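Asker: Next comes the sequence, and after it the predicted model I'd like to discuss.
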Amino acid sequence: MSSPATAPPQPSNLRRIVAASLIGTTIEWYDFFLYGSAAALVFNKLFFPDSDPLVGTLLSFLTYAVGFAARPIGALVFGHYGDRLGRKKLLVLSLLLMGGATFAIGLLPTHATVGSAAPVLLTTLRLVQGFALGGEWGGAVLLVSEHGDARRRGFWAAWPQTGAPAGQLLATGVLSLLTAVLSDDAFGTWGWRIPFLLSGVLVMVGLWIRLSVDESPVFREALRRAETRRGGEPEKPPLVSVLRHHWKDVLVAVGARMAENISYYVITAFILVYATTSAGVSKQTALNAVLIASAVHFAVIPAWGALSDRVGRRPVYLLGAAGVGLWMFPFFSLVDTGSFGYLLLAVTVGLVLHGAMYAPQAAFFAEMFATRMRYSGASIGAQFASVAAGAPAPLIATALLSDYGSSTPIALYVIAAAVLTLIAVGVAKETRHRDLARVEDRDGEPADAKPAAAAAGTV
C-alpha cells in the first residue's frame, strides 16, 4: 500500500494544484515577457532617447538582460528556503515581488521627466523581477511534480510550463490590442503603462488561488524524516548538498537549457526587432504572429509532456533540440519574405519544436534531485543557464544583426546552442522511472531510485 506521503491526490485536488501553479506562472511570465516586448517596442525611445534607434534597442535589451542576471540569486535564495520551509510559502512571496515590481514599472517617470534616473529606476525594478522569477519556476513545477501521479508526471508537470506561452500570449495580446486601438503617439506617451498596471489585478487573483493549495506531501514527509534522523544536529545548507552530490546534474540542466532558452528569446523577443527592421514587417503584424504562435505553443506543451511519459524525457528533449537547430535557416528565410503567413509559419514551427524541450524539462529536472535539495538543484541548474543563454540572446542577436546585416550569424548562434544541448542531454540518464519520494541518507544523498511504475502500482 502507498503511504500518505506518496499516494497521489484526488483528481479534483490535483487539478487545483495544477491551476494554482499555472495561473501563478502565467502571471509571472506575463510580467517578465511584457518587459521584453516593451523593450523591443518603446523603451528605447522612452528611457534611452539620446541613442540612435538600433543602439537604443541594444541598451533596452541590456536592461532586459539584467533581469536574467538576478535570476540565479533568486534561485539560490528561494531554493534554500524552499527546501527548508516548503514550496508554497516561497511561491506566494515570488508572486508578490514580481507583481509589485511590474506595477511600479507602469508608474515610472521617463527620461524626458527625470533624465538619467529613469533608466536606473527601470533597471532596479527589472532586477526585482528577475530575482522573483528565479524562485518562481522551481517551486511551481515541484509543487505539481511532488503531488502528481508518477505515471503521468511529465504531463502534469508540463502544465506549469504552459505558463510561459500563456504569459507571452497575454502580454503580446494586451500590447497588440493597445497598438491596434491607439496611435503611435498615444501608445508611446501613456498606453504602454496599461499592461504593467494591469499586473496588480492579476496578482490578487493569483494570490487567492495559491493560498488555497496544500504543501507538497513529498516535501512534508522528507522534512519529517530529516528531523527524525538529525537528532538535533545542524542541517547542511541545500546548496552544499547539491554541489556535493548533484554537480553533474546541475551541469546537465545548464546544458539542456542552452538551446531551449536561446531559441525561445530569439523566436519571440528578437523577432520583433528583426521583422520590423530587416523584413519590413509592421509592428502590429509581428505582434500578431507571436500572439497566434504562442497559442499553438500553449496547446502542444502538455502533449509533449504526455509523450515524455511514454517514451522518456531524453528522446523528446533531443528531438526538440535537433529540430530547433535544423529550423533556424528556414526560419529566417520565411521571415525575410515579409509575408504574414510565412512569418506565422516560421514562429509557430519554432515554438512547437521549442515545446519538445520545454515540456519534459519540468519533470526531467525535478527527477534529478533528492527532495530536500530539489528546489535548490532544479532552480540553480535552470536559472544559472538563463544568464548564459536567455539573458544575452536578444542582445547578441541584435548585435550580430548590427555588425553583419544578415541573419546567418544569428542562425549559427542558435545552432551552436542546439549542439551543446544535444551533448548535455545525450550524456544524461533517463529519469522518468524515478520515485520523487525516494529515501535520502544523513547527508542528503539520494538512495538508488525506485521505479516510478512500481510506486504508482502500489496505489
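Answerer: Okay, I see it.

Asker: Relative to the whole chain's centre, how far out is the helix or strand harbouring residue 170?
Answerer: Here residue 170, judged by DSSP states H and E, is contained in helix 163-181. Counting by CA atoms, centre = their mean, to the nearest Å, helix 163-181 is centred 17 Å from the centre of its parent chain.

Asker: So, low pLDDT: which residues of the chain?
Answerer: 1-12, 40, 50-65, 148, 228-235, 438-459 (pLDDT under 70).

Asker: Residue 395 is in contact with residue 273, correct?
Answerer: No - applying CB atoms under 8 Å as the test, residue 273 and residue 395 come out as separate, 10.7 Å apart. All C-beta spots, glycine's among them, are computed from the backbone N, C-alpha and C.

Asker: How about stretch 284-297, which residues are buried there?
Answerer: Within stretch 284-297, the residues scored as buried using 16 or more other CB atoms under 10 Å are 285-297.

Asker: Just the C-alpha atoms of the helix or strand harbouring residue 401, please, in CSV.
Answerer: Per DSSP H and E: residue 401 is located in helix 393-404. What follows is helix 393-404, C-alpha atoms only, in CSV (Å, rounded to 0.1, in the frame of the first residue of the first chain):
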residue,chain,number,x,y,z
ALA,A,393,20.2,36.1,-26.6
PRO,A,394,18.3,39.2,-27.8
LEU,A,395,21.3,41.3,-27.2
ILE,A,396,23.7,39.1,-29.1
ALA,A,397,21.2,38.6,-31.9
THR,A,398,20.7,42.4,-32.2
ALA,A,399,24.5,43.0,-32.1
LEU,A,400,25.1,40.3,-34.8
LEU,A,401,22.4,41.9,-37.0
SER,A,402,24.0,45.4,-36.5
ASP,A,403,27.5,44.1,-37.3
TYR,A,404,26.8,41.8,-40.2
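
Asker: Mind giving me the packing neighbours of it?
Answerer: The contact analysis (3 or more CB pairs under 8 Å, 6 or more residues apart in numbering; DSSP states H and E) places helix 393-404 against helix 53-85, helix 247-265, helix 271-277, helix 408-427.

Asker: so how far is that helix off the chain centroid?
Answerer: Chain-centre distance of helix 393-404: 22 Å, with CA atoms, centre = their mean.

Asker: Contacts only, for residue 108.
Answerer: For residue 108, the contact set (CB atoms under 8 Å, 6 or more residues apart in numbering) comprises 118, 121, 122, 125.

Asker: Could you check how many residues crowd around residue 251?
Answerer: Residue 251 has 16 neighbours, counted by other CB atoms under 10 Å.

Asker: what's the distance between it and residue 236?
Answerer: According to CB to CB, to the nearest Å, residue 251 stands 21 Å off from residue 236.

Asker: How far off centre is the helix or strand just after the helix holding residue 170?
Answerer: Going down the chain from helix 163-181, the next helix or strand is helix 184-186, by DSSP H and E. Centroid separation between helix 184-186 and its chain, computed with CA atoms, centre = their mean, is 31 Å.

Asker: which residues touch helix 184-186?
Answerer: If you take CB under 8 Å, 6+ apart as the criterion, helix 184-186 is touched by no other residue.

Asker: Start the count at 10 instead of 1 going forward.
Answerer: Let's use 10 as the start, then, which means that last one is helix 193-195.

Asker: And whichever strand or helix holds residue 150, what's buried?
Answerer: Using DSSP H and E, residue 150 sits within helix 126-154. Neighbour counts over helix 126-154 (16+ other CB under 10 Å) mark 127-128, 130-131, 134-154 as buried.

Asker: just to revisit the earlier point, compare residue 282 and residue 404 (neighbour count), which wins?
Answerer: Neighbour count, other CB under 10 Å: between residue 282 and residue 404, residue 282 has more, with 24 against 19.

Asker: circling back: now the helices and strands packed on helix 402-413 as TSV including distance to residue 356?
Answerer: Below are those laid out as TSV (distance: least, CB to CB, whole Å):
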stretch	distance to residue 356
helix 62-94	19
helix 256-274	11
helix 280-286	7
helix 417-436	14
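
Asker: picking that back up, list the helices and strands the helix holding residue 150 packs on?
Answerer: Against helix 126-154 (3+ CB pairs under 8 Å, 6+ apart) you get helix 20-47, helix 53-56, helix 62-94, helix 96-114, helix 120-123, helix 162-170, helix 349-375, helix 383-397.

Asker: how close does residue 353 sit to residue 293?
Answerer: 13 Å.

Asker: what comes up buried for stretch 103-112?
Answerer: Buried residues in stretch 103-112, counted by 16+ other CB under 10 Å: 103, 104, 106, 107, 108, 109, 110, 111, 112.

Asker: ok, residue 204 touching residue 42?
Answerer: No - applying CB under 8 Å as the test, residue 204 and residue 42 come out as separate, 10.3 Å apart.

Asker: got the buried residues for stretch 365-376?
Answerer: Buried residues in stretch 365-376, counted by 16+ other CB under 10 Å: 365, 366, 367, 368, 369, 370, 371, 372, 373, 374, 375, 376.

Asker: Could you export those to TSV, including columns for distance to residue 90?
Answerer: Formatted as TSV, the buried residues of stretch 365-376 follow (distance: CB to CB, whole Å):
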residue	distance to residue 90
365	33
366	29
367	26
368	28
369	27
370	23
371	20
372	23
373	24
374	19
375	18
376	22
